[in-house]
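In: 3D model of this:
(4 chains)
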4 protein chains.
Amino acid sequence: MASTGSEASSRHLISFQEVQKHDQEGDCWLVVNGQVLDLSNFEHPGGAEIIIQHAGSDASTAFNRIHAPGILKGLAPEQFRGDVDQSSIPCPVNPKDLAEAESKEVPTPEGHPKPPLHSLIALHDFEDVARKTYSAKAYAFYSSGATDLVSLEANSQVHKRLLLRPRVLRNVRQIRTSRKILGFNSSAPFFVSPTAMAKLAHPDGEIAIAKGCGEKGIIQTISTNASFPLEDIVAAGLPGQPFFLQLYVNSERSKTEELLQSAHKLGIKAIFVTVDAPVPGKREADERIAAGNLTSAISGAVATNDKKGGGLGRVMARYIDSTLCWDDLAWIKKASGGLPIVLKGIQTAADAKKAAEHGVEGILLSNHGGCSLDTTQPAMLTLLEMHKACPEVFGQVEVYVDGGFNRGTDILKAIALGATAVGIGRPWLYAINYGQEGVEHVCDILTDELVTSMKLSGITDVDEAHPGMVNTAMVEPLIRSSEAHPWIAWTPKPRL
Amino acid sequence: MASTGSEASSRHLISFQEVQKHDQEGDCWLVVNGQVLDLSNFEHPGGAEIIIQHAGSDASTAFNRIHAPGILKGLAPEQFRGDVDQSSIPCPVNPKDLAEAESKEVPTPEGHPKPPLHSLIALHDFEDVARKTYSAKAYAFYSSGATDLVSLEANSQVHKRLLLRPRVLRNVRQIRTSRKILGFNSSAPFFVSPTAMAKLAHPDGEIAIAKGCGEKGIIQTISTNASFPLEDIVAAGLPGQPFFLQLYVNSERSKTEELLQSAHKLGIKAIFVTVDAPVPGKREADERIAAGNLTSAISGAVATNDKKGGGLGRVMARYIDSTLCWDDLAWIKKASGGLPIVLKGIQTAADAKKAAEHGVEGILLSNHGGCSLDTTQPAMLTLLEMHKACPEVFGQVEVYVDGGFNRGTDILKAIALGATAVGIGRPWLYAINYGQEGVEHVCDILTDELVTSMKLSGITDVDEAHPGMVNTAMVEPLIRSSEAHPWIAWTPKPRL
Amino acid sequence: MASTGSEASSRHLISFQEVQKHDQEGDCWLVVNGQVLDLSNFEHPGGAEIIIQHAGSDASTAFNRIHAPGILKGLAPEQFRGDVDQSSIPCPVNPKDLAEAESKEVPTPEGHPKPPLHSLIALHDFEDVARKTYSAKAYAFYSSGATDLVSLEANSQVHKRLLLRPRVLRNVRQIRTSRKILGFNSSAPFFVSPTAMAKLAHPDGEIAIAKGCGEKGIIQTISTNASFPLEDIVAAGLPGQPFFLQLYVNSERSKTEELLQSAHKLGIKAIFVTVDAPVPGKREADERIAAGNLTSAISGAVATNDKKGGGLGRVMARYIDSTLCWDDLAWIKKASGGLPIVLKGIQTAADAKKAAEHGVEGILLSNHGGCSLDTTQPAMLTLLEMHKACPEVFGQVEVYVDGGFNRGTDILKAIALGATAVGIGRPWLYAINYGQEGVEHVCDILTDELVTSMKLSGITDVDEAHPGMVNTAMVEPLIRSSEAHPWIAWTPKPRL
Amino acid sequence: MASTGSEASSRHLISFQEVQKHDQEGDCWLVVNGQVLDLSNFEHPGGAEIIIQHAGSDASTAFNRIHAPGILKGLAPEQFRGDVDQSSIPCPVNPKDLAEAESKEVPTPEGHPKPPLHSLIALHDFEDVARKTYSAKAYAFYSSGATDLVSLEANSQVHKRLLLRPRVLRNVRQIRTSRKILGFNSSAPFFVSPTAMAKLAHPDGEIAIAKGCGEKGIIQTISTNASFPLEDIVAAGLPGQPFFLQLYVNSERSKTEELLQSAHKLGIKAIFVTVDAPVPGKREADERIAAGNLTSAISGAVATNDKKGGGLGRVMARYIDSTLCWDDLAWIKKASGGLPIVLKGIQTAADAKKAAEHGVEGILLSNHGGCSLDTTQPAMLTLLEMHKACPEVFGQVEVYVDGGFNRGTDILKAIALGATAVGIGRPWLYAINYGQEGVEHVCDILTDELVTSMKLSGITDVDEAHPGMVNTAMVEPLIRSSEAHPWIAWTPKPRL
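Out: Residues are numbered from 1 along each chain as shown, chains lettered A, B, ... in the order given. Okay, the predicted model is just below:
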């Protein structure tokens, strides 16, 4: 207790390391919800042991499970030592190295047991469970979006503004949902959009996704920032199971060449080149929580804190080559041994057209799930923009969309408006909370919802879906069909 | 208490059957708001009896009537055994068989006495009382809508976006609200839209509706999934009281033929063929609560849980024939002995036109109360779409609308825009909370509101209502008048 | 205590008269927030007297001033006798007769002292204070609107959708706000719109308004349902102070003739004939609270409960003649000795035009403050509709607007769009909480805000206000300019 | 305690001076959250000293840090003396004179330590911290807006309705953000918009802003109502650091001449003449809190309470000359020795055009941060209006915008739509919470966000930004391009 006097004057920020020193009866500090409490002389009605077991540590979870916050009001002012310095708290997910991490489950917050998988009946249920059971860092990284979340929210809202126009009295007993994506069979018109570092959520990470996809006939696009080596993920699949690879080009281009050659050897079927993130967007929720020393097993990107914060999305993007441009596509094609190229992140009809001119096999209309530049339009609007500005491109490349797709109706609308398939991203990160089984359950839910939506719309094959099924009136006024501003004539004069 | 040690380690899910074993002093478990509490050693200030009476059961209702949730914070951690497995809780409405159920009132949650009927002055009052007094399952089944509730909410919101344009200084002392529906007298331009399993709410179920309608001169459409036999419902009516029958066609078509012949013999006046639900919509609130073994006395559909959940709306729809198509209408007509046919669930002008071409007597524009396919438009928009696309159909068939009608102003707008009558659905399920009297009170409220709205609009007969009374400007931009998309030329190429 | 057993079994509704019987130590019941508590054996920490003083009465106000609701959770179940029958509670304002009522102040709820008048700086402050200090009945009557409150809310929201376009660098030191209304001087372009029964709020009622208006040079329109005799109100004014009289025509027309002759003799300057309320609208908040036996000193209308509820707005309207039509205007003109006639409640350009054709001197565009027919448009939209459909009428009659005007900017927009003056209604009912002083303060606030708005808009005289100052783009799509529907050709065929 | 009886009867308002008399054991009053408590006989569980130390003073801060509000419910009615007269409370910031104030830090509310500067990663973080740590008066003055806050909210919302249209696959490694503003270098296309009395927030006030701007290459516009003398602020800058001066013209015009001459001598680079505030707007939050006797060191304006309230914005504007008009611009130009003139507060294209005709060097489109006239449009809409109505003006004067700019994307959109630079106002008042360092951090955040937004949009130099990058569809329907109303022909006839 000798140290009490000196710390008392340093109210405000106290490092967690300092708290850890007071870890015994008679000299007992705890952190509760960010506050440092000195309970050295506190008598708990339930016995001293209840307190002592948490001495020198963060007891928030145990506290919150039992007590209402107001109970702290009963403490004397001098029992409040100050606030813990958040930056000094060790990352909740802090594996010493990845090998070790693989062998033990990422701990979920105490007291929030997961409900049984069968009780989850919609994709939003998975997000709800993730919010309650993932570490704060994992949930922030997965769920966050750029700055003011305008695009993130627009992505899911846009589906509510596209109305379905169902036809009745048609025989809808037999339904066919299968599609070909770049020539490969998919049991339904959706695929796994790439997302980074799935192991933050579950030790099986991308492996679980690969196995679930194999079981359900869905194609997985593997992220360059996956937490498992590419060969391990591919090896987890069934014989002949198709995979795509998402590509961030490394400033050290030789590394990218190695990766593409490796992909080619592993039988990867296509390369999805990300084009909407030469630099990472600003994801504030992600930045506000310290990142552990995570490493991607593919790109080698390491997540560490820097002076801007702990944004996983940002620090893992440091190696990305922001000079990448159209002329580099030929190099990627060649380095991959001629694999089909899909551009991920096309956001205007003008770039869709340019992509087709460059001979790519597909484009994924996307605003990066609302994580890159905020206030960009949802992919569904870019799809409509293409119909206005360059309908011919639908005949030249396959067109995919992603961002905010959570329902069978969402998927049906995209297909009806000309998309070949829909990319599903975040939901898998919430699904693997239940490992492979969770992935399969999400596939089942989406397919089941799609089947119901098709029957209720009066069609029996996804290939019958057509634009007349969708009333786009609510979003039409937003569609721009030209790169020039429609009524501002001014153009910039480049600086001399 | 011997079992305490072993269960303590199995924190998380505990079956309700396990809870039931601890039902005595000294070994006393209770469920409160989903948590399993071990109160074996707990001393209640009000005496032990208060606790013991609930030993081994769910005491949530009694608890919540007296205590604030926070009081549980005072318990020690070991007194929280875990969470009860929701799926193991017996259905709150679990009649062994229907005959037995008829003899006893469905229990309402304790502690929520119904306010006196005369204090309910608007339809939303009935829903408020139902929310508080119905079993959770009954309320979920009645009130739920498909997936994201977009259509459910749009149904009621659309009326707030249609403005009335009242004229003044007209003699409005005498008002006439009566209409003919398919040639049958109705005291007001609304009727009972079919809804399933009214007995979940009140033992008199559809019988109470029949009697109330008889008293008030309103026509009831009986659901194929009614909880009473068709003949009993008809017999409850006054001599000559007209009834309509809603029809789900059974995959075993002979059963449907029997039903139609029976309907014909019982003097049913018209058949409302449901065409917007070849499969049931996904009503999540309904799915999340276990269904009891309910049986419809007409269709014989039995409500039981399956692996997707306990959705009454879904499991009771299993017998429905999803191959039903336009050509089958002639068969229905013939099997019913030539009764007038009304198609319930028309959602586009194109199908309205097709219905008229097939010679039906009426169409009910409906999105199934927002319970079938989500993000479809409210019936009022389909009504407007018909004016744009096929105004001639108003001269060929009678046109009805339903979904979200709760006010006299709502009804007046529909009539002014050309509907012959308005279907009222859910409100009757909340009205029968008060039996026949409740049904009559709802009739009175709607008619009274309609009379007031007519007077304040400056008309004296519903037949004087006309489109100029309604400012439709706010919804007009949403109206589509063609089955083709207005500006996307692309059409799907059917799969080879 | 002998009666305890029998009442205990009748849980649910208990009449207030029954509660009143248990009014002593040892047999002590109280009503607290609608619940009947049996505190016969309860020991209050502060002494028995604290409880006994409220025995047999409603102690909610005293209770709520001291206690949080949660404290009741500590009572035993048997101490909750049931709920009090709201319909049995005597009206909080129940003057034996009006003469007696005049001599004592209407009680405000205990414990809510009014803040000092000078601390109220905007009209919404007055409503806030009224909500806290008026009886529930008075506040419900004054603040309520028809059914779903769509029009009530639209009235105030519309001003936020009309943008001001200020001009700069003009000399705005001297400002002139005065206007002539029907030839009579008004210090500012607003007047008192009629409202009923001001005495519910303050014993000086309409007298206070008359005196405040006299002091500030504002014209008062006296309601037919005023709580004071017409001659008393007029007598309270300054010599030469102009008054208008609002008229509901009585089914016994001779009574109306007497009133008009009396008005003429008293020097009333114009008759505002209400044309939008042949029957009263349905104001649910008003209906839900029992009305006392109030009587209007002018119309003689008596407010009593009936089986529909206690709606003051409704029961006081029973005498109104719903046969009143255009041809009756000549009779009113004659009976009033030729006074100028203003039609209050015009809601379409068509009726504005018809009014001009009938030779009235003015029209007050109004939806009755959202209290008559719900989902009608705000007066500001009718003003714009007139510009589209019948701009010539602005040259034939004076045009006023009311409903939802609370700010100087609101008034400025109406004047800029062609209104001669703006009617202010509810704010006076909240202002007289402070008697005449409150009325004057509201005049000062509105005038001060108007002056500021004019200076910041760059004009110095209200007569300079012009349509170009207002950007009406947000509401324009709602404006209809024809009585026929713009794109539905169908017209009703009258019943034979 | 002798005085107790008499004060008890004067419940309601009690002056703070009265409270101060009861400042000892046995006669101990305190103010807690506006209520006057008599705790003379109260026994605090923690000992009498805890109470006595606050006797006769406002103990709200200490109370709220420890107790939940509900604890007061335990006091007896007679322990509530009444409410303290807010107007009698000494201003929390009440420096005897400015010199003295300079020497001590403005106290921040106890118990809210500021988080470390590096943990603030967005501009809204600074506002959040200010809300918690500034005195109520300072925060109200800085954050408030005119009347209903329609313009204040629209200012920030408008950026969410302008969509960015990013182009991909461009080399964006090197970014250039610098601009010339009136010929002076700025490291980024934004500058400090003038705001008054920065010392309320931090003792270094405008000095800290000057130093931070110097460090970061940003230009500061000094307010006429700055809390430091002009020469001191300029002296705080680096050699050659450019400053602009905002000007309110004084009714005593000689004072303005002196100020302009002084500005000229000090090397001020331009005069921003405020034209949208001939009188102050009504900022209610500011009015509701008493102002201390603050004085501007430049204008000499003194902030004191008057009968309308304590609005700093209003009382400090008393000296402003409301006769200022276009012809006075020549006098300002001359008095300043020919400095460039920028008109701050242009709100219509018509005035933008007029400004150009009067030969000014720049215009700042602004609605005064929503503080002047409410329901005026955001500057971004005026910018668009200029493109419709007077695009040629962009070639004649420099055009700036301010109001609600908080993000790099906001700035990028304004530049793309033709603005030369963006004014940032309130954020600096929140930044100086951390002194000069805070100012620099805000510069860094904005520049960093701008760089990211440019890279993600596919441009590398602000001069490349062009209108085609912005989808303005959502706001276009609001743009008016003429001073006349587009469809109302009526024009006012001036009073004779």
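In: only C-alpha atoms for contact and neighbour calcs from this point on.
Out: Noted.
In: and the residue of the stretch 51-200 of chain A nearest chain D?
Out: Residue of the stretch 51-200 of chain A nearest chain D, by C-alpha to the nearest C-alpha: residue A:73 (5.1 Å).
In: how many neighbours does that residue have?
Out: 13 (other C-alpha atoms under 10 Å in any protein chain shown).
In: Residue A:333 now?
Out: 17.
In: Repeat that for residue A:22.
Out: Residue A:22 has 21 nearby residues by other C-alpha under 10 Å.
In: In space, what's closest to residue A:175 - neighbours in sequence excluded?
Out: residue A:460 (4.6 Å; C-alpha to C-alpha, 6 or more residues apart in numbering or on different chains).
In: cool, residue A:264 as well?
Out: For residue A:264, ignoring the flanking residues on the chain, the nearest one in space by C-alpha to C-alpha, 6+ apart is residue A:336 at 5.8 Å.
In: So that neighbour sits against residue A:266, correct?
Out: No. Judged on C-alpha atoms under 8 Å, residue A:336 makes no contact with residue A:266 at a distance of 11.0 Å.
In: just to revisit the earlier point, from chain C, how far out is the residue of the stretch 51-200 of chain A closest to chain D?
Out: If you measure residue A:73 against chain C using C-alpha to the nearest C-alpha, to the nearest Å, the figure is 17 Å.
In: Are we agreed that that residue is in a helix?
Out: Yes. Under DSSP: H, G, I helix; E, B strand; the rest coil, residue A:73 falls within a helix.
In: about what we covered before: tell me who's in contact with the residue nearest to residue A:264.
Out: In this structure, residue A:336 makes contact with A:257, A:260, A:261, A:263, A:264, judged by C-alpha atoms under 8 Å, 6 or more residues apart in numbering or on different chains.
In: same question, residue A:170
Out: By C-alpha under 8 Å, 6+ apart, the contact list for residue A:170 reads A:458, A:459, B:323, B:324, B:325, B:326.
In: burial of the residue in chain A positioned nearest to chain C, as a residue count?
Out: Closest residue of chain A to chain C, C-alpha to the nearest C-alpha: residue A:477 (14.2 Å). Residues near residue A:477, counting by other C-alpha under 10 Å, number 10.
In: Same check on residue A:328?
Out: Counted with other C-alpha under 10 Å, the neighbours of residue A:328 add up to 12.
In: how about the residues of the stretch 151-300 of chain A near chain D?
Out: Within the stretch 151-300 of chain A, the positions adjacent to chain D are A:275, A:276, A:277, A:278, A:279, A:280, A:281, A:282, A:284, A:288 by C-alpha under 8 Å from any C-alpha of the partner chain.
In: what's the burial count for the third one?
Out: Pointing back at residue A:277 there. Look at residue A:277: counted by other C-alpha under 10 Å, it has 25 neighbours.
In: That one contacts residue D:456, correct?
Out: Yes. With contact defined as C-alpha under 8 Å, residue A:277 reaches residue D:456; the gap is 6.5 Å.
In: so where is chain A shaky, pLDDT-wise?
Out: Residues of chain A that meet the criterion pLDDT under 70 lie in A:1-12, A:45-47, A:61-71, A:86-112, A:291-294, A:303-307, A:309, A:493-496.
In: how about 50 then?
Out: A:1-11, A:90-108, A:110 (pLDDT under 50).
In: related to what we said a few turns ago, got any residues that touch both of residue A:277 and residue D:456?
Out: residue A:372.
In: where exactly do the strands run in the stretch 251-400 of chain A?
Out: Taking DSSP state E, counting those that start in this stretch to define them, one finds strands in the stretch 251-400 of chain A at A:270-274, A:294-295, A:302-303, A:341-346, A:362-365, A:398-402.
In: Would you convert the ones you listed into TSV that also reports distance to chain C?
Out: Shown next, in TSV, are the strands of the stretch 251-400 of chain A (distance: least, C-alpha to the nearest C-alpha, whole Å):
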stretch	distance to chain C
strand A:270-274	40
strand A:294-295	49
strand A:302-303	48
strand A:341-346	33
strand A:362-365	32
strand A:398-402	33
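In: List the contacts of the closest residue to chain B within the stretch 301-450 of chain A.
Out: Residue of the stretch 301-450 of chain A nearest chain B, by C-alpha to the nearest C-alpha: residue A:387 (6.1 Å). Going by C-alpha under 8 Å, 6+ apart, residue A:387 touches residue B:488.
In: For residue A:176, which non-adjacent residue is spatially closest?
Out: In this structure, residue A:176 finds its nearest non-sequential neighbour in residue A:461, 4.7 Å apart by C-alpha to C-alpha, 6+ apart.
In: Angles on the backbone of that neighbour, please.
Out: Backbone torsions for residue A:461, taken as degrees, to the nearest 10, come to phi -140, psi 140.
In: pretty sure it contacts residue A:175?
Out: Yes. Counting by C-alpha under 8 Å, residue A:461 does reach residue A:175; the two are 5.8 Å apart.
In: Would you tell me what helix or strand residue A:139 is located in?
Out: helix A:136-143 (DSSP states H and E).
In: And that helix, what does it pack against?
Out: Here helix A:136-143 touches helix A:284-287, helix A:426-431, going by 3 or more C-alpha pairs under 8 Å, 6 or more residues apart in numbering or on different chains; DSSP states H and E.
In: Looks to me like residue A:215 is in a strand.
Out: No. Secondary structure of residue A:215 (three-state DSSP): helix, not part of a strand.
In: got a list of what it touches?
Out: residue A:440.
In: do the same with residue A:233
Out: Counting by C-alpha under 8 Å, 6+ apart, residue A:233 makes contact with A:206, A:207, A:210.
In: now, which of those residues lie within helices?
Out: Per DSSP state H, helices hold the following members of those: A:206, A:207, A:210.
In: ok, the first one - contacts?
Out: For residue A:206, the residues meeting the contact criterion (C-alpha under 8 Å, 6+ apart) are A:198, A:199, A:222, A:226, A:227, A:228, A:233.
In: Residue A:205: neighbour count?
Out: 25.
In: quick one, what contacts it?
Out: A:197, A:198, A:199, A:227, A:228, A:432, A:435.
In: if we can go back for a sec, isn't there a helix covering the residue of chain A closest to chain C?
Out: Yes. Counting by three-state DSSP, residue A:477 is part of a helix.
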